[in-house]
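Visitor: Need coordinates for the below:
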Amino acid sequence: MYEKRWYRDLIKSDNLVTFEVVIEETDLLVMADKDLRDEVTELVLEIRGKLKRYIADDPGFKESLVPYEVSDDAPKIIKEMAEAAKIVGVGPMAAVAGAIAEYVGRGILKNSKEVIVENGGDIFIKSLSKRKIGIYAGSSCLSNKIAVEIDGEETPLGICTSSGTVGHSLSFGKADAAVALAHSTALADAAATQIGNLVKQVEDIKPALEFARTVPGLKGVIIIKDEQMGVWGEIKLV
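Guide: Residues are numbered from 1 along each chain as shown. Model prediction:
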């Protein structure tokens, strides 16, 4: 059943064309210089085909909740997901939404100077100017009150969010929002998942941030639980 992703109202742009592409479980909001719906559809079908074929041959890749070794001849995106998951200690499917967002985003950059691809709260962005991305954190009093400001020079960049209280994605924690930034969107996605897993109560914010500091490739992290927030790294909040 289709579920309207109303939080997408937090991602706005006046100078880009906005459109959605939905294929099976993949539901993308895309912003680009022009309507590239056909190109995005082709890229989604291509990447979903690669994932399906690999999983059919190696179902453990999809089922594992811990780092998983993949074959030497696995597609590049499979290897990227497995590597990102290994770095933070989760299963490779924890990186799938971010990996797809980046695959599609980079795929249309040849036809658009600026690109934003949002996939279930996981974002790949290439911008020429400053962008502000709001943070929805469920019932927390901080929800919709802050945004991350991204300079164009920082992009391409992945900005991914995991929540144990919002949405249906698997999380073993209770964070209202765990946001991770990295140049690899697959890594940002996997890291957000693991950081979110670590936060079950407000007291867990500090050790979760300490974990984030140890993850190579992460640029920054925001954790929101109830009325408390923790921030680490190269992040500008507005």
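Visitor: which stretch of helix or strand covers F124?
Guide: For F124, the element it lies in under DSSP states H and E is strand 122-126.
Visitor: which strands and helices sit next to that strand?
Guide: Contacts defined by 3 or more Cβ pairs under 8 Å, 6 or more residues apart in numbering; DSSP states H and E place strand 122-126 against helix 96-108, strand 115-119, strand 131-134, strand 157-162, helix 185-198. From N, CA and C alone the C-beta is placed, and that goes for glycine too.
Visitor: strand partners of the fourth one, parallel vs antiparallel please.
Guide: In other words, strand 157-162. Counting by DSSP bridges, the strands paired with strand 157-162 are strand 122-126 (antiparallel), strand 177-182 (antiparallel).
Visitor: same question, the third one
Guide: The strands that strand 131-134 pairs with in its sheet are strand 147-150 (antiparallel) (by DSSP bridges).
Visitor: Check which residues of the partner strand are buried.
Guide: Judged by neighbour count (16 or more other Cβ atoms under 10 Å), strand 147-150 contains these buried residues: V148, I150.
Visitor: if we look at that strand, which residues are touching it?
Guide: Identification of contacts with strand 147-150 by Cβ atoms under 8 Å, 6 or more residues apart in numbering yields 10, 125, 127, 130-135, 157, 159, 179, 181, 222, 235-238.
Visitor: and the lowest-mean-pLDDT helix or strand in the chain, C-alpha only, in CSV?
Guide: Ranked by mean pLDDT, DSSP states H and E, the weakest helix or strand in the chain is strand 131-134, scoring a mean of 90. Output of strand 131-134 as CSV, limited to C-alpha atoms (Å, rounded to 0.1, in the frame of the first residue of the first chain):
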residue,chain,number,x,y,z
ARG,A,131,20.5,24.3,0.9
LYS,A,132,18.5,23.9,4.2
ILE,A,133,17.1,20.5,5.0
GLY,A,134,14.6,20.2,7.8
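Visitor: For the longest helix along the chain, name the packing helices and strands.
Guide: In the chain, taking DSSP state H as the definition, the longest helix is helix 37-57. Counting contacts by 3+ Cβ pairs under 8 Å, 6+ apart, helix 37-57 packs against strand 17-23, strand 26-32, helix 60-63, helix 76-88, helix 96-108.
Visitor: Tell me which residues touch the nearest residue to P156 once chain neighbours are set aside, please.
Guide: Distances taken as Cβ to Cβ, 6 or more residues apart in numbering place K126 nearest to P156, at 4.6 Å, with adjacent residues excluded. K126 makes contacts with G105, L109, K113, E114, V115, I116, T155, P156, L157, as judged by Cβ under 8 Å, 6+ apart.
Visitor: ok so, going back, quick check: buried residues in the longest helix of the chain?
Guide: Neighbour-count burial for helix 37-57 flags E39, V40, L43, V44, I47, L51, Y54 (criterion: 16+ other Cβ under 10 Å).
Visitor: which residues touch the first one?
Guide: Going by Cβ under 8 Å, 6+ apart, E39 touches G107, I108, N111.
Visitor: Quick check, the last one in contact with L36.
Guide: Yep, that's N111 we're talking about. Yes - N111 lies in contact with L36 (Cβ atoms under 8 Å); the separation is 5.9 Å.
Visitor: Among those two, which residue is more densely surrounded?
Guide: L36 (21 against 12; other Cβ atoms under 10 Å).
Visitor: Any idea how many residues pack against G60?
Guide: 12.
Visitor: Now do the same contact list for M229.
Guide: M229 sits next to L142, I146, I205, I222, I223 when contact means Cβ under 8 Å, 6+ apart.
Visitor: Double-check that the third one belongs to a strand.
Guide: No - membership of I205 in a strand is not supported by DSSP: H, G, I helix; E, B strand; the rest coil, which gives helix.
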